[in-house]
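Asker: Sequence and predicted structure below; questions after.
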Amino acid sequence: MTNADFWKYINIIIDGGFTSEGLQKLDYYAELFINGRIVYQRFSPFEQHGCATGGATHVIASILAAAKARSDSGTAPYGDDFKREVECGAKQEECIEQWARHTGCWTDCVDKTLTHSLGEMIAEGGEAKVYDHGATLVKTIGLDYFVQPILALDRISLHNAYFPETRLTVLGFGRTEDGDFKIVVEQPFVEGKHVENSQIVNYMRQMGFELRNPRNWTYATSDIYLSDMHDENILQTADGTIVVVDCDIRINVPELKAGGTRSLLTDIEII
């Protein structure tokens, strides 16, 4: 099967309304992806493994978002890049929602539902709400920083690749009462103390990252853009291990102006 054939089949499944046969095919493709027989050229092998560890739900949503990103350029005139991005993001949301409703991993009024099932949220950031679930945390992640679901899903893949101690497993999707799209994830609970900024700088240097902008705690390599690396998002456990529990991590494309050399590819190869 060629790259063109693969995406043609994915679009047939989408346009067919996610029939039982189509859902089975998506599960099969997710299995091939997780086992490395589908090579997603957007990621390095190491990063694709991070996508796979987010679970089959995460993998399938990433494939569906990529299919819409490939085929849907939006109706806004060229030059209005943000409006086109919003339109493309809305198509990705709609596609993931239709699939998630068919598979039972969709939640309406998601934050209200989690409050009833898990209790009051214990933390809230710029894009996420956090709920206590015993040995794990459940988070709802919005698209405030990303606009398009494919980029928010990339963030989960990259987090899992670079910070596996606090990997994110995608449980499903939903919308708030205001209609905002959310990704629902689970993450291990880590007990630790906050670290000094100098420790974060040294930790990132050891990982090969250069400090690019101390005002928003941004680090980068030519491959990865990483920001929001401040002391509220990083902990040191009792044995001295530094773990990153939250960050803004992206494929470092030139448009981010942080020395990036990557492209946002969506081609695949079957091996």
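Answerer: Okay, I see it.
Asker: only C-alpha atoms for contact and neighbour calcs from this point on.
Answerer: OK.
Asker: give the contact list for the most centrally placed residue in the chain.
Answerer: Nearest residue to the geometric centre of the chain (Cα atoms, centre = their mean): residue 153, 2.2 Å. Taking Cα atoms under 8 Å, 6 or more residues apart in numbering as the criterion, residue 153 is in contact with 58, 61-62.
Asker: just residue 10 next, same as before
Answerer: Residue 10 makes contact with 26, 64, 67, according to Cα under 8 Å, 6+ apart.
Asker: Now do the last one against residue 146, distance only.
Answerer: If I follow you right, that is residue 67. Residue 67 sits 17 Å away from residue 146 when distances are taken as Cα to Cα, to the nearest Å.
Asker: wait, what's in contact with the closest residue to residue 52 other than its chain neighbours?
Answerer: Among residues not flanking residue 52 along the chain, residue 34 sits closest, at 5.0 Å (Cα to Cα, 6 or more residues apart in numbering). By Cα under 8 Å, 6+ apart, the contact list for residue 34 reads 49, 52, 56, 59.
Asker: In which helix or strand does the first one reside?
Answerer: Element membership for residue 49, per DSSP states H and E: helix 45-52.
Asker: Which element is encountered next along the chain beyond that helix?
Answerer: Once helix 45-52 ends, the next helix or strand along the chain (criterion: DSSP H and E) is helix 56-71.
Asker: what does the model give residue 74 for pLDDT?
Answerer: Listed pLDDT for residue 74 reads 46.
Asker: Return the residues in contact with the spatially closest residue to residue 157 that is not a sequence neighbour.
Answerer: The shortest distance from residue 157 to any non-neighbouring residue, by Cα to Cα, 6+ apart, is to residue 51 (4.0 Å). Residues in contact with residue 51, defined by Cα under 8 Å, 6+ apart, are 58-59, 154, 156-158, 160-161.
Asker: again, only using 10 Å
Answerer: Going by Cα atoms under 10 Å, 6 or more residues apart in numbering, residue 51 touches 33-34, 43, 45, 58-59, 62, 153-161, 168-169.
Asker: The residues you listed in strands, which ones?
Answerer: residue 169 (DSSP state E).
Asker: follow-up on the earlier one: I'd like the distance between the residue nearest to residue 157 and residue 16.
Answerer: Computed as Cα to Cα, the residue 51 to residue 16 distance reads 26 Å.
Asker: try residue 134
Answerer: Residue 134 sits at a distance of 40 Å from residue 16 (criterion: Cα to Cα).
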